[in-house]
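# Sequence plus predicted model, see below.
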Amino acid sequence: GHTQDAPNNSTTMISALRTSAVRAATRRPMSTATPKMHKAKDTWGELSKTRPPPGHDHTVFEGPYSTPVIAAFTIGILSTGYGMMYFGMRHQQYKQGYWK
């Protein structure tokens with residue numbers, strides 16, 4: 001009989017992983033770059049000058065926009081999106097033979 005046990009698979013796998021990890025570490029040295037520091041606090045003074053004065057309600061749509069123009073624009077965008085989806089589906093239905 002055998003007096004020496006054959007190495008099991010997990011031991012072999014672990015030693016192979018250890019060997020490849022050591023090889024990778026010798027090929028790629030750790031970075032010596034210094035950490036990047038955040039610079040936002042340095043520019044806050046300049047940024048705060050561009051803010052609206054206190055008490056000014058800063059809404060997204062500030063201008064006096066024409067309701068008919070905005071309505072036409074919105075309807076046009078929605079119709080274009082719907083049309084693209086519909087005609088894409090229609091094309092696939094004819095192409096695949098579901099519609100004749």
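In hand now; what should we look at?

# any weak-confidence spans in the chain?
Applying pLDDT under 70 to the chain picks out residues 1-8, 25-29, 58-59.

# Measure how buried His56 is and give me the count.
8 (other CB atoms under 10 Å). In this view, the C-beta of every residue, glycine as well, is placed from N, C-alpha and C.

# nope, Trp44 is what I meant
9.

# Name the SS class of it, please.
Three-state assignment for Trp44 (DSSP: H, G, I helix; E, B strand; the rest coil): helix.

# what about it, distance to Met37?
15 Å (CB to CB, to the nearest Å).

# what do you get for Ser20?
For Ser20 relative to Met37 (CB to CB), the value is 35 Å.

# Distance from the chain centre to stretch 64-78, please.
31 Å (CA atoms, centre = their mean, to the nearest Å).

# Restricting to C-alpha, output it in PDB.
C-alpha atoms of stretch 64-78 as PDB (Å, rounded to 0.1, in the frame of the first residue of the first chain):
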ATOM      1  CA  PRO A  64     -42.100  83.500 -20.900                       C
ATOM      2  CA  TYR A  65     -42.600  80.600 -23.300                       C
ATOM      3  CA  SER A  66     -45.400  80.500 -25.800                       C
ATOM      4  CA  THR A  67     -47.900  77.800 -24.900                       C
ATOM      5  CA  PRO A  68     -48.900  76.800 -28.500                       C
ATOM      6  CA  VAL A  69     -45.200  76.500 -29.400                       C
ATOM      7  CA  ILE A  70     -44.400  74.300 -26.400                       C
ATOM      8  CA  ALA A  71     -47.600  72.200 -27.100                       C
ATOM      9  CA  ALA A  72     -46.600  71.700 -30.700                       C
ATOM     10  CA  PHE A  73     -43.000  70.800 -29.700                       C
ATOM     11  CA  THR A  74     -44.200  68.300 -27.100                       C
ATOM     12  CA  ILE A  75     -46.800  66.700 -29.400                       C
ATOM     13  CA  GLY A  76     -44.200  66.500 -32.200                       C
ATOM     14  CA  ILE A  77     -41.600  64.800 -29.900                       C
ATOM     15  CA  LEU A  78     -44.200  62.200 -28.600                       C
END
